[in-house]
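>>> Give me a model of this one.
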Amino acid sequence: HDEREQTLNQILVEMDGFDARTNIIVVAATNRPDVLDPALLRPGRFDRQIILDNPDSKGREAILRVHARGKPIEDEVDLGALARLTPGFSGADLENLLNEAALLAARRSSQVIAHEDLYEAIDRVIAGPRRKSRLISPREKRITAYHEAGHALVAHVLPNIDPVHKITIVSRGMMGGYTRVVPDEDRLFKTKVQFEDELAVYMAGHVAEQIIFEEQSTGAANDIDRATGMARRMVTEFGMSRTLGPRAFGKKEELVFLGKEIGEQRDYSEAVAHQIDDEVHQIVMQAYERAKTVIQEHREQMDRIVNYLMERETLSATEFSAAFEGQPLPKRAEKPAPVPAAETAEPPVLKAAPVAA
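Below you'll find the model as predicted:
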């Protein structure tokens, strides 16, 4: 600590020694601007702060074009459309996506990176590779199908949720399956009604299991945790409580260099703490009841979606819409059989940086 303080003081002295004739610009970067020493930010030192947030759709497209250089990508691939499917991705995520796609193309002995390689790479970046070795019983598979169908159904019916892009019961990482929604546009903030609809989607998998199997499983643990956390933030951070009003409660303390929360400085009474708990409970239970109502009103559609999921394991946006509307699913194009490496005229020319395991 003493050495760090001595170094900081030395830097500040040197910075104060600059004058108008010194042609030196000092640039620094940090992931934790909230814990910087105020002495660094006073006038005459680091005067200008530039925020580098995750890129928007246009930024993601530009980043994809940079990392696509030197990689043989099919002419039909639209990097703009790919950018719109990757909200929240950082530059490193996008680089990893193209590297993963290149490796997938190489494994099937293809000379070019195709659509399916890129879409599979998105899933790998988000959820990890498929767990082909994992064997699950037919009952667990059906529970997973109803769980994910519940999420997708409620997301499709409620008005303030982004369109369902994909629903799958293929295991990836620690997930038995997942439902993915993709926004039509980038957003800077969310409204209260959007939070309420999103909470109902979180609770939908749990509700579907209870309605169909009349029991609960551990598969909804992450959904319940995220829903509870979101409801608490609505009350304590965003001022969206009906009873407590537009107030913020609690100041969190974090480990400076690890960025991990270690506690909360309570700036409210015990009575208010009980009110916060009651409000969080009400918000979560209202979301539970909304999800239950939607699923009960659309039970036929959910059963149909589950049947298709059990058959195909993964449904695209078009296939999910057809299943919901009761229309026959569109036929899938047959994938060409991979050409054995020994029979190729020359090895695939794929330039991809190695991906960390």
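>>> count of neighbours near residue 305?
25 (other Cβ atoms under 10 Å). Using the backbone N, CA and C atoms, a C-beta is placed for each residue, glycine as well.
>>> ok but it is inside a helix, no?
Yes: counting by DSSP: H, G, I helix; E, B strand; the rest coil, residue 305 is found in a helix.
>>> tell me the contacts of it?
Going by Cβ atoms under 8 Å, 6 or more residues apart in numbering, residue 305 touches 149, 152, 153, 167, 315, 320, 323, 324.
>>> Go ahead and confirm the fifth one touches residue 323.
Yes: using Cβ atoms under 8 Å, residue 315 is in contact with residue 323, at 6.5 Å.
>>> Now do the helices for the chain: every range, in order, please.
Taking DSSP state H, the helices of the chain run over residues 2-16, 57-68, 79-84, 91-107, 115-127, 138-157, 192-213, 221-236, 270-297, 299-312, 317-325.
>>> looking at those helices, which is buried most?
Among the helices of the chain, helix 138-157 has the highest mean neighbour count (mean count of other Cβ atoms under 10 Å), at a mean of 23.
>>> got the angle between that one and helix 299-312?
Orientation note: helix 138-157 sits at an angle of 130 degrees relative to helix 299-312 (axes from the mean of the first three to the mean of the last three Cα atoms, to 10 degrees).
>>> Can you name every helix or strand that helix 138-157 contacts?
Where contact means 3 or more Cβ pairs under 8 Å, 6 or more residues apart in numbering; DSSP states H and E, helix 138-157 is packed against strand 164-168, strand 178-181, helix 192-213, helix 270-297, helix 299-312, helix 317-325.
>>> Just send those back as TSV, with mean pLDDT too.
Shown next, in TSV, are these (pLDDT from 0 to 100):
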stretch	mean pLDDT
strand 164-168	93
strand 178-181	91
helix 192-213	96
helix 270-297	95
helix 299-312	94
helix 317-325	93
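>>> picking that back up, list the residues that contact both of residue 315 and residue 323?
Counting by Cβ under 8 Å, 6+ apart, the residues touching both residue 315 and residue 323 are 305, 308, 329.
>>> which residues touch the second one?
Yep, that's residue 308 we're talking about. The neighbours of residue 308, taking Cβ under 8 Å, 6+ apart as the test, are 315, 319, 323, 329.
>>> make it 7 Å
Shown in contact with residue 308 (Cβ atoms under 7 Å, 6 or more residues apart in numbering): 315, 323, 329.
>>> Would you format those residues as TSV with distance to residue 85 included?
Below are those laid out as TSV (distance: Cβ to Cβ, whole Å):
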residue	distance to residue 85
315	16
323	21
329	21
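>>> Which single one of those is nearest to residue 292?
Distance to residue 292 across these (Cβ to Cβ) is lowest for residue 323, with 21.1 Å.
>>> where's that closest one relative to residue 169, distance?
Note on residue 323: its distance to residue 169, by Cβ to Cβ, to the nearest Å, is 14 Å.
>>> same question, residue 297
23 Å.
>>> go on, residue 133?
Residue 133 is 16 Å from residue 169, by Cβ to Cβ.
>>> Looking at the two, which has the bigger crowd around it?
residue 169 (27 against 6).
>>> ok, now how distant is the more buried one from residue 179?
Between residue 169 and residue 179 the computed distance is 10 Å (Cβ to Cβ).
>>> again with residue 279
Distance, residue 279 to residue 179, by Cβ to Cβ: 28 Å.
>>> next one: residue 288
Using Cβ to Cβ, residue 288 is found at 18 Å from residue 179.
>>> Repeat that for residue 155.
Residue 155 sits 7 Å away from residue 179, going by Cβ to Cβ.
>>> so what's in contact with these two at the same time?
Contact criterion Cβ under 7 Å, 6+ apart; residues shared by residue 155 and residue 179: residue 164.
>>> Quick one, grab the pLDDT at residue 235.
The confidence metric pLDDT takes the value 94 at residue 235.
>>> shaky segments in this structure?
The model of the chain has pLDDT under 70 over residues 1-2, 5-6, 8-22, 251-265, 333-357.
>>> For residue 40, see how far away residue 49 is.
11 Å.
>>> So between the two, which is more surrounded?
More neighbours surround residue 40 than the other of residue 49 and residue 40, with 15 against 9 (other Cβ under 10 Å).
>>> Tell me which residues touch that one, please.
residue 46.
>>> Burial check on the closest residue to residue 166 other than its chain neighbours, number of neighbours?
Using Cβ to Cβ, 6 or more residues apart in numbering and skipping residues adjacent in sequence, the residue nearest residue 166 is residue 180, 4.6 Å away. Residue 180 has 19 neighbours, counted by other Cβ under 10 Å.
>>> Quick check: residue 180 vs residue 151, distance?
Here the criterion is Cβ to Cβ. By it, residue 180 lies 10 Å from residue 151.
>>> And for residue 227?
Here residue 227 is placed at a distance of 12 Å from residue 151 (Cβ to Cβ).
>>> if we can go back for a sec, now the common contact residues for residue 169 and residue 179.
Shared contacts of residue 169 and residue 179 (Cβ under 7 Å, 6+ apart): residue 148.
>>> ok now do residue 73, which residues does it touch?
Counting by Cβ under 7 Å, 6+ apart, residue 73 makes contact with 112, 113.
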